[in-house]
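In: Okay, here's the prediction I keep looking at, along with the sequence it came from:
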Amino acid sequence: MLLDTDLGWWANLAYERAFRRRVVAALGLPEERLLSCVTHTHSAPPLCEPEPQWPGGELLSAYLERLEQAMVATARAAIAACDPATIEWHHGRSALAANRDLPDPAAGPRVVCGYNPANPADDTLAAIRHTVDLPLKDWPSAAVLAAEFAACTDRPIAERLRRKLRISEALGDGATFPLEIWGWRIGDALVLGTLAEAYSSIQQNVRAAFPDRAVTWLNLVNGSIGYLPPAPLYDVEIYQAWQTPFDRGSLETLEAAAIALGHELLAS
């Protein structure tokens, strides 16, 4: 069951996992049989328990309860309507796909969020769960971040600290994090994805590893946790590199593990 929703992001990983466990229990599915994806729109509320300072936050709990009911009802309706079918895979192009890492010519290594025509993006459109240990940065502990957040009076900085705190609480205090990789084989095609926001180069490289197969890559699957930028971007001032809790080389490690999972699925 693949549920695709026009929602924002899971701001709390523990909340998402509890939410998803209730959904798979209601549907009677093994966990690896559900891929819950979001479009990552920024016109929807974050998916988590509300913070006390959020205006309108008192409406969020009821909204999430209705969302859970709608997801279960939609999935049940789809299961009840299942019929034998043939899936055909074709390639198309999306003009919306673009690289948004634009070097600032006036600020040295600084990179701003803007269209960069020099770097191509992956514009291709097209039931196993593994984990791969990704290295983490040497971040402050959740307790330290909580104290900084409580003492902060600058609203933008406080918001950054709040997001960083929630990520830190989800990751724990270890040196690595076991990132889940979800994989389906549908006939001769592969569907692979994780809860991270991996740069589109991973899609291009995974597809190149399986040139005779249809390959679909999904970000923000069954949760959301942070960016996975290519290793060279850790040397420049760019949001995706300093925001992420994952250290240099994580994207490349995930890419190798995803290709290995693809080979395992095709051999099964």
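Out: Everything's here; your move.
In: Can you tell me which residue sits nearest the middle of the protein?
Out: By C-alpha atoms, centre = their mean, the chain has its centre lying nearest to Leu220, at 2.4 Å.
In: wait, it sits on Trp182?
Out: No - in this structure, Leu220 is not within contact of Trp182 by C-beta atoms under 8 Å, at 11.4 Å. (C-beta placed from N, C-alpha, C; glycine too.)
In: in the stretch 1-150 of the chain, what spans have low per-residue confidence?
Out: 89-91, 95-96, 108, 122-129 (pLDDT under 70).
In: where exactly do the strands run in it?
Out: Ranges of strands in the stretch 1-150 of the chain, per DSSP state E, counting those that start in this stretch, are 2-5, 35-38, 92-93, 101-103, 111-113, 124-125, 128-135.
In: Dump these into a markdown table; add distance to Leu29 and mean neighbour count as well.
Out: Output for the strands of the stretch 1-150 of the chain, formatted as a markdown table (distance: least, C-beta to C-beta, whole Å; neighbours: other C-beta atoms under 10 Å):
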| stretch | distance to Leu29 | mean neighbour count |
| --- | --- | --- |
| strand 2-5 | 11 | 15 |
| strand 35-38 | 11 | 20 |
| strand 92-93 | 30 | 8 |
| strand 101-103 | 38 | 18 |
| strand 111-113 | 38 | 15 |
| strand 124-125 | 26 | 14 |
| strand 128-135 | 13 | 16 |
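In: Using a markdown table, lay out those strands together with distance to Pro84.
Out: Shown next, in a markdown table, are the strands of the stretch 1-150 of the chain (distance: least, C-beta to C-beta, whole Å):
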| stretch | distance to Pro84 |
| --- | --- |
| strand 2-5 | 18 |
| strand 35-38 | 21 |
| strand 92-93 | 25 |
| strand 101-103 | 45 |
| strand 111-113 | 46 |
| strand 124-125 | 25 |
| strand 128-135 | 23 |
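In: So for Glu255, which of those sits nearest?
Out: When these are compared by C-beta to C-beta, strand 128-135 sits nearest Glu255, at 9.8 Å.
In: packing partners for that closest one?
Out: Applying 3 or more C-beta pairs under 8 Å, 6 or more residues apart in numbering; DSSP states H and E, we find strand 128-135 packed against strand 176-186, helix 250-267.
In: what angle do it and strand 176-186 make?
Out: 150 degrees (axes from the mean of the first three to the mean of the last three C-alpha atoms, to 10 degrees).
In: Identify the neighbouring strands of strand 128-135 in the sheet and state each direction.
Out: Strand pairing for strand 128-135, using DSSP bridges, gives strand 176-186 (antiparallel).
In: in the following helix or strand past the partner strand, what counts as buried?
Out: Note on strand 176-186: by DSSP states H and E, the next helix or strand toward the C-terminus is strand 189-193. For strand 189-193, a neighbour-count test (16 or more other C-beta atoms under 10 Å) marks Ala189, Leu190, Val191, Leu192, Gly193 as buried.
In: Kindly report the same for stretch 27-44.
Out: So, applying 16+ other C-beta under 10 Å, buried residues of stretch 27-44: Leu27, Glu31, Glu32, Leu34, Leu35, Ser36, Cys37, Val38.
In: And for it, what's in contact with it?
Out: Applying C-beta atoms under 8 Å, 6 or more residues apart in numbering, the external contacts of stretch 27-44 come out as 1-10, 20-21, 23-24, 47, 71-72, 75-76, 79, 127-129, 182, 184, 191, 193, 197, 218-222, 224.
In: Next: stretch 236-254.
Out: Here stretch 236-254 makes contact (C-beta under 8 Å, 6+ apart) with 101, 103, 107-111, 113, 132, 134-137, 139, 167-168, 171, 177, 179, 181, 194, 196-199, 201-202, 225-231, 233-234.
In: repeat that with 7 Å
Out: Residues from elsewhere that reach stretch 236-254, judged by C-beta atoms under 7 Å, 6 or more residues apart in numbering: 101, 109-111, 113, 132, 134-137, 139, 167, 171, 179, 194, 198-199, 202, 226-231, 233-234.
In: could you flag which of the residues you listed are buried?
Out: Using 16+ other C-beta under 10 Å, the buried ones in these are 101, 111, 132, 134, 136, 167, 171, 179, 194, 198-199, 202, 226-230, 233-234.
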